[in-house]
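J.: Predicted structure and sequence below. I'll ask about it afterward.
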4 protein chains.
Amino acid sequence: MIRFNSDYLEGAHPRILEKLADTNMAQTPGYGEDMFCERARDTIRRLCGAPDADVHFLVGGTQANATVLAAALLPYQGAISADTGHIAVHETGAIEAGGHKVIALKNTNGKLDAGQISECCRAHFSDESHEHMVMPAAVYISNPTEVGTLYSRGELEALRAVCDQWNLTLYLDGARLGYGLASPENTLDLPLIARLCDVFTIGGTKQGLLFGEAVVIRKDSLKKNFRYFIKQHGGMLAKGRLLGVQFEEMLKDGLYMELSRHAIEQAMRLRDAIRALDIPTLVDSPTNQQFPILPNVVLPLLAEKYSYATIERVDARHTAVRFCTSWATRPADVDRLIEDLGKLLG
Amino acid sequence: MIRFNSDYLEGAHPRILEKLADTNMAQTPGYGEDMFCERARDTIRRLCGAPDADVHFLVGGTQANATVLAAALLPYQGAISADTGHIAVHETGAIEAGGHKVIALKNTNGKLDAGQISECCRAHFSDESHEHMVMPAAVYISNPTEVGTLYSRGELEALRAVCDQWNLTLYLDGARLGYGLASPENTLDLPLIARLCDVFTIGGTKQGLLFGEAVVIRKDSLKKNFRYFIKQHGGMLAKGRLLGVQFEEMLKDGLYMELSRHAIEQAMRLRDAIRALDIPTLVDSPTNQQFPILPNVVLPLLAEKYSYATIERVDARHTAVRFCTSWATRPADVDRLIEDLGKLLG
Amino acid sequence: MIRFNSDYLEGAHPRILEKLADTNMAQTPGYGEDMFCERARDTIRRLCGAPDADVHFLVGGTQANATVLAAALLPYQGAISADTGHIAVHETGAIEAGGHKVIALKNTNGKLDAGQISECCRAHFSDESHEHMVMPAAVYISNPTEVGTLYSRGELEALRAVCDQWNLTLYLDGARLGYGLASPENTLDLPLIARLCDVFTIGGTKQGLLFGEAVVIRKDSLKKNFRYFIKQHGGMLAKGRLLGVQFEEMLKDGLYMELSRHAIEQAMRLRDAIRALDIPTLVDSPTNQQFPILPNVVLPLLAEKYSYATIERVDARHTAVRFCTSWATRPADVDRLIEDLGKLLG
Amino acid sequence: MIRFNSDYLEGAHPRILEKLADTNMAQTPGYGEDMFCERARDTIRRLCGAPDADVHFLVGGTQANATVLAAALLPYQGAISADTGHIAVHETGAIEAGGHKVIALKNTNGKLDAGQISECCRAHFSDESHEHMVMPAAVYISNPTEVGTLYSRGELEALRAVCDQWNLTLYLDGARLGYGLASPENTLDLPLIARLCDVFTIGGTKQGLLFGEAVVIRKDSLKKNFRYFIKQHGGMLAKGRLLGVQFEEMLKDGLYMELSRHAIEQAMRLRDAIRALDIPTLVDSPTNQQFPILPNVVLPLLAEKYSYATIERVDARHTAVRFCTSWATRPADVDRLIEDLGKLLG
């Protein structure tokens, strides 16, 4: 069985494991107050061109989202998200469990646009009984989105402008950020993201670490006492150094982008093959997730050799599925998949 | 200024005030454990043909909704609601503040249908990673709805069936229940509602009481320790007798339906006039809220004499507004409004 | 049966009911935005010598406490309270339901002292892992306390000073405030309270209104968007005018203090009698709640004619009970109770 | 610097790291649904003699406590804990953030006894207004406790009995469970714990894993949909296999107890030395945490070579500190500490 169903199928890149082994018996303070974490923070600040940023390391994405939004929102405030956003769909209501409404707006290819957000805020604040409604106060976006698409520089600048206009915190969930930055269609970079977003994450779990999401905070009001939020949300890893060691190794000399590029190369090969076979897709994704719409009849045949994620029934005879590549994808496995798709659908 | 902007503009029907005065100096236990509340509970059980129902009296609607859903839902569960539902729009996120997602489905004339709910549940429970999503566990409907429409007997029976199928608690918010039951298009009655719903409210605030919502619980698992939920939600009125006195007086001999019929008669006169003038409406409402779509040019002229609620911009030149009648509406005021609408738009 | 078990046994003072009747058919905006509420707010600002205070009217005490503390605390912060405080004991965890720890410190006669609070804060902020613990950020006191005692001017000034030192919000729950101000041992007044506290309530429910607690906010950061908190907590009364009418009538010409003095006179007569009979008390209360410790053998005899609250078993043969007087207490009933206590225990 | 300040100073036992490396490139399903987790679950069920137990793997202790109690408590219920309990003191109010009061009872050497719990429940349920108070519904204990002490078999049986009597869920936090089981004073074993507790954890983080707490659920009502709770609390590790691999390796052939015995041997050597020097202790601990009370004058001298945790000021001239041993403690380091204590205090 060759697995393409997600981008967290394996452990970590071997260099990560080696570094964990090398540093294993060092004695350090707990809870992220060790020198490994400090160096990893410095590395991230340098890569982002943001010397004043606060950086915290959390274990997982749902934890990071719940913690960041707890810090960003007052009790009567909510976060605007695309209706396909991870916080709106796939976190078992973690944001609501923290007391906040996710204000879900209709996505376009997994994305929000500035106009929607502006209209949402205008409608709220111009309503004579606005205090009977949840106040929008943050915008949650993911890049790449849950369906693999990317925000352009212009789109992100427009989101920043609308957030400034309505006093919203702009939060970018970068669980797969490297796969976005390595895309041929990418127009962003870390310093730009750090300049335009109030807070964002640099994902590790899906990008070659055992686990880990780095939260980068630019907005001063979010920085204060953020560690209290982390602890309350169960995110204060006792051996916090494990996160520092991994992020330092991954980021210090470009391994993060190297692995990201690998995943994107494999994904683009798959995209090209899907196009060549005239297979329609749910969305045109320039990143590591590909969403072909396949005839139901071929699914059991594919499933004999490959795992994939079932996304949605498109019509009575077709289903959209997801294939993911990652830092660990073997080119030969992609070759084989392309070959079999050709046999089944060519 | 003649006010039509809501159905809670005045105090209470005079008989309610008189009864409060008559009973004022009686000494009673607090927190709803007095004989007035007990008699009001018995009256409601009798009217509902539900001798085993538990009845609690709360002060307001948001409080009632938050309290009922807190009792109905486990932490990882959410309540399905029309996207126009009061809990989805107009309670400042009170349900989310209690930790629960409101699963908002697209309304049709303010209503949900059984098919939508079934599809929502099917999609959830058939998803291989359903534990990553909020589990639907209750259905919130209002009758009349927020836009004045009514569920038919058949529609309510279908909702009951789908709730049985997917193990959902069916909760009917009856903030304006009397105005629904008094409508010429109504096909429900209290015993039917009590038979089909797991829990529902009988509204007082908008129906001639100073304040008060009666919560009627049929489902046994919801009955247990419900008073703890009330207290925790700040809804345990110290002088609970005030609710008992009012509900008993309103319900003991038909005053509730008499006042409801009065409001509906006035609303139907207004509806007929709107129709006669070929004024379009946002929704065709058979109850005490009417939603004409008026040319913007007439609004300032109307506003000189009448208050109304602004609902939404329909196009560049038209706005949907709301006129409410109530138990207290004077027929002469409706006459005047009809006359002025005729002058402005005839 | 003559009831002394609480101070909310009857409805409202007759003048309150009359005013509600006089204003009953006036049409007003809802949610506290009417002229009655505005006038009542002005009256309170004047009585408090606080022209810049924000004033909101809520229905009940638990609701007021939960709403005020939701506005005063960030998610990782808690409220210091005496372990006898209402929020610590008698609100079914409403503060915790809002996400906040009640940091309960040992009471002395129902009170906190500044030294305890200072030590609690010092211990927190000097701990090297303070982010693992709830940060104290507010102080909740009640005056009179739950056991009838009073803070002196000096004690309140000391609390203010410690709150300034540690950046704590000082919140005084005045559910029985009038009964405190009317006590022979009182050293406070409304302007002093308004000067020293960041936020406090003036109780109506136990002081002659049907219901109602006025929340007076001095601290600017608490004022912002407070109505969102009210609505989210289910405390936005549709017919908000009912609170304005009642508070205006009660406060405009001294009725509040007149009724408070009446209750205290009756309570002091009872206290004198208890002392004269050498009956020990749980606490020496100068307000409307009296806590004699009675031999168990007399309790059933007393209970034939009087209701009282059972507070705690003191030893195998004695029980502390509570007798309350109120604005409605008939002097003859106190005479009778004193006489019977004398017969049973003289 | 030789560190004794905690038991999570190093990474993991080398065998754990090796196993992670060996399994690193295996492709597995995420979220704990892999074969490593399945085998680790089986191993735990076998060691506990509990074939019907549900086992889940979480990353950290605060996360585990918040998740378990969220599943165990209804909104109006609270968990009884010693006032020294981790949930009462050191989790930044994570339980309250989930809406629940921690009902803190006075500890004796870090422990609760059955009599206290019984009295707490009796007081609650016999109170005529019990619905105004948080209902006790769970008992949280830790073993070893936060101060290193142990529950005896008799004590745990008594707790079970009182939990049965009052319908309470008994939850044992075993963050350092191995260090308890390896103590010379231990009278428990895993099958006994599994028989007496409704739910408990087997700690990995402090016992030689990189991280990980195994939650073992015996009570059927807690088992249902527990994975929803995990995901909502941000505890669903994407690469859940990492927990399975570690726990399997640690538990399959006795490594867990071997490492635990090592830590206890070192701790007992230190305890003996402290006793021999007549150094008083805060509490007499038979496990891996030792709490000598040292003269303030020696602290800076000690601190030149050793890290330790400062626990509390005992008097003007003495401070209680904590030295921890662990699976990783080098005997020579303990030798040195003992020698230096002797020089300073002999």
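T.: Okay, I see it.
J.: immediately after the longest helix seen in chain A, which helix or strand?
T.: Counting by DSSP state H, the longest helix found in chain A is helix A:255-276. Per DSSP states H and E, helix A:255-276 leads on to strand A:289-290 as the next helix or strand towards the C-terminus.
J.: Tell me the helices and strands packed up against that following strand.
T.: Counting by 3 or more CB pairs under 8 Å, 6 or more residues apart in numbering or on different chains; DSSP states H and E, the packing neighbours recorded for strand A:289-290 are helix A:255-276, strand A:318-324. For every residue, glycine as well, the C-beta is placed using N, CA and C.
J.: partners of it, with directions?
T.: Applying DSSP bridges to the sheet, strand A:289-290 is found paired with strand A:318-324 (antiparallel).
J.: What's the first helix or strand after the partner strand?
T.: helix A:331-345.
J.: Is chain D within reach of that next one?
T.: No: legend: contact between helix A:331-345 and chain D by CB under 8 Å from any CB of the partner chain is lacking; minimum distance shown is 9.9 Å.
J.: wait, what's in contact with the residue nearest to residue A:25 when sequence neighbours are not counted?
T.: Of all residues not flanking residue A:25 in the chain, residue D:10 sits nearest, at 5.4 Å (CB to CB, 6 or more residues apart in numbering or on different chains). Applying CB atoms under 8 Å, 6 or more residues apart in numbering or on different chains, we find residue D:10 in contact with A:24, A:25, A:26, A:27, D:326, D:328.
J.: Is it possible to get TSV of those that adds neighbour count?
T.: Shown next, in TSV, are those (neighbours: other CB atoms under 10 Å in any protein chain shown):
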residue	neighbour count
A:24	19
A:25	13
A:26	15
A:27	18
D:326	25
D:328	22
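J.: could I get those as TSV with distance to residue D:107 and pLDDT?
T.: Formatted as TSV, these follow (distance: CB to CB, whole Å; pLDDT from 0 to 100):
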residue	distance to residue D:107	pLDDT
A:24	36	98
A:25	35	97
A:26	35	96
A:27	30	96
D:326	24	98
D:328	29	98
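J.: From these, pick the one nearest chain B.
T.: Using CB to the nearest CB, residue A:24 comes nearest to chain B of the contacts of residue D:10, at 32.8 Å.
J.: right, and that closest one touches residue D:17 too?
T.: Yes: contact criterion CB atoms under 8 Å: residue A:24 and residue D:17 qualify, at 6.1 Å.
J.: if we can go back for a sec, any chance of the contacts of residue D:10 in TSV, with distance to residue B:120 too?
T.: TSV is the format used below for those (distance: CB to CB, whole Å):
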residue	distance to residue B:120
A:24	49
A:25	53
A:26	52
A:27	53
D:326	50
D:328	52
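J.: of these, closest to chain C?
T.: Closest approach between these and chain C, by CB to the nearest CB: residue A:27, at 17.1 Å.
J.: Now the phi/psi pair for the closest one, please.
T.: Main-chain dihedrals, residue A:27, degrees, to the nearest 10: phi -90, psi 130.
J.: Next, find the distance separating it from residue B:211.
T.: Distance check for residue A:27 against residue B:211: by CB to CB, to the nearest Å, it reads 64 Å.
J.: residues making contact with stretch A:261-277?
T.: Residues outside stretch A:261-277 that contact it (CB under 8 Å, 6+ apart) are A:7, A:179, A:182-184, A:281, A:285-290, A:292, A:323, A:325-327, A:329, A:331, A:334, A:337-338, A:341-342, A:345-346.
J.: and residue A:320, bridged to which residues?
T.: residue A:293, residue A:312.
J.: so it sits right up against residue A:311, yeah?
T.: Yes: contact status for residue A:320 versus residue A:311: in contact at 4.4 Å, counting by CB under 8 Å.
J.: tell me, what's touching those two both at once?
T.: With CB under 8 Å, 6+ apart, residue A:320 and residue A:311 have common neighbours A:282, A:291.
J.: Relative to residue C:112, how far out is residue A:284?
T.: For residue A:284, the distance to residue C:112 - CB to CB - is 64 Å.
J.: Tell me which of the two has more neighbours.
T.: Neighbours were counted for residue A:284 and for residue C:112 using other CB atoms under 10 Å in any protein chain shown; residue C:112 has more, 26 against 14.
J.: Domain parsing of chain A, as residue ranges.
T.: Chain A is divided into the following domains under automatic domain parsing: A:2-6+A:256-345, A:14-254.
J.: Just name the most buried of the ones you listed.
T.: domain A:14-254 (a mean of 22; mean count of other CB atoms under 10 Å in any protein chain shown).
J.: quick one: terminal-to-terminal distance for that one?
T.: Terminal residues of domain A:14-254 lie 15 Å apart, using CA to CA, to the nearest Å.
J.: Give me the pLDDT value at the residue nearest to residue A:25.
T.: On the pLDDT scale, residue D:10 is placed at 97.
J.: quick one: which helix or strand includes residue A:38?
T.: Applying DSSP H and E, one finds residue A:38 within helix A:35-48.
J.: Averaged pLDDT, that helix. What do you get?
T.: Averaging the model's pLDDT scores along helix A:35-48 yields 98.
J.: how about the residues of the stretch 151-300 of chain A that lie near chain C?
T.: Applying CB under 8 Å from any CB, we find that the stretch 151-300 of chain A lies next to chain C at A:225, A:227, A:228, A:229, A:230, A:231, A:232, A:236.
J.: What residue, apart from its backbone neighbours, is nearest residue A:207 spatially?
T.: residue A:178 (4.8 Å).
J.: Show residues contacting the helix or strand hosting the one you found.
T.: Secondary structure assigned from DSSP H and E places residue A:178 in helix A:177-181. Helix A:177-181 has contacts (CB under 8 Å, 6+ apart) with A:7, A:143-144, A:150, A:174, A:186, A:188-190, A:193, A:200-203, A:206-207, A:256-257, A:259-260, A:263-264, A:267, A:287-288.
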